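Trainee: Build the 3D model from these lines:
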Amino acid sequence: MAKRGRVSARQRAAREAGRRAAAAVRLAGARPSGLRPQPQGTVAGVPRPARAADGATGPAGNVAVSVCAPGCRVCAEAREEFTALRAASLLQRRRLDEPDRYPYAAGKHTLHRSACRQIKQGIGGLEGDDSPRLHGALTRFAHDGTLTSGWATHLRVMEPAEAAGWVKERTGPRGGTHYRLCGICGPVRPENA
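Mentor: Numbering: from 1, shown residues only. Prediction:
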C-alpha cells in the first residue's frame, strides 16, 4: 500500500493523460479573441500547398523534393533555407564517419562522444539526395515548418577545439556549467575548456 501523499508512476501518467485530454478539448472549443477564422485552404495564415499530380523533381534526380504545383511561391521562398539546412546536416553526418578527427558531438545541452548510441539514433544514417525520405521534404518544411531526421539533424559533431569552445560558451563567469556530460558514453571534458 502506498504511503499517503505518494503517487505511483502509473497514477501520474494517467493523471497527466487526463489533463492533456481536457486541455485539448478546451483548446479545440476556444479561439483566441481578436483572431478571425482562417479560410479553408490555409493553416496559420500560410496557404496549404496546391498538390501537383506528379510533383516537381529536386536537384538530385528522381525524388520529388517539392510536391507542390510548379511555381508555388511559399516553396520558392523556402528553397534556399532548405538547401542550406540540408547541406549543413549532410556535413554533420559525414563528420560521424571520422570519429578520430571528430570525437565529440553535442545536442542542445549535452556533450557526447561521437560514437554514442544517442548520437547515432539522433542523426541516423547518411542518406543521399535520392532518398525516399526527401520526397516532399521541401513542401513540408515550407508549409508546415517540419524538420525531420530524414534530411535535417539537430546535433553538432565537433573536433576537440570546437568542443572546447562549445564548453566554454556554456560555462558561466563563476565556473558553473550550463551543459551536461552524457551518462551513457561518459565523454571526457575537452582540454583548454
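Trainee: Any idea which helix or strand in the chain has the lowest mean pLDDT?
Mentor: strand 51-56 (a mean of 42; mean pLDDT, DSSP states H and E).
Trainee: So which residues of this protein form helices?
Mentor: Remark: helices of the chain, listed N- to C-terminal, are 9-29, 73-95, 117-123, 137-144, 160-169; assignment by DSSP state H.
Trainee: okay, those, which one's buried deepest?
Mentor: Per residue and on average, the most neighbours among the helices of the chain fall to helix 137-144, with a mean of 22 (mean count of other Cβ atoms under 10 Å). C-beta coordinates here come from the backbone N, C-alpha and C atoms, glycine included.
Trainee: average model confidence for that one?
Mentor: For helix 137-144, mean pLDDT rounds to 82.
Trainee: before we move on, what about stretch 24-34?
Mentor: On average, stretch 24-34 scores 60.
Trainee: And for stretch 184-193?
Mentor: For stretch 184-193, mean pLDDT is 86.
Trainee: hmm, who's touching that stretch?
Mentor: With contacts defined as Cβ atoms under 8 Å, 6 or more residues apart in numbering, stretch 184-193 is touched by 103-104, 111-113, 115-118, 160-161, 163-165, 167-168, 171, 181.
Trainee: In contact with the closest residue to residue 107 other than its chain neighbours, which residues are there?
Mentor: Among residues not flanking residue 107 along the chain, residue 155 sits closest, at 5.5 Å (Cβ to Cβ, 6 or more residues apart in numbering). Residues counted as contacts of residue 155 (Cβ under 8 Å, 6+ apart) are 92, 105-107, 119, 122-123.
Trainee: pLDDT for these - can I get that in CSV?
Mentor: Listed next are the contacts of residue 155 as CSV, based on pLDDT from 0 to 100:
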residue, pLDDT
92, 87
105, 94
106, 93
107, 88
119, 86
122, 73
123, 73
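Trainee: now, which of the residues you listed sits nearest residue 176?
Mentor: Checking the contacts of residue 155 against residue 176 by Cβ to Cβ gives residue 106 as the nearest, at 17.9 Å.
Trainee: If you tally nearby residues, what's the number for the closest one?
Mentor: Residue 106 is surrounded by 22 other residues when neighbours are defined as other Cβ atoms under 10 Å.
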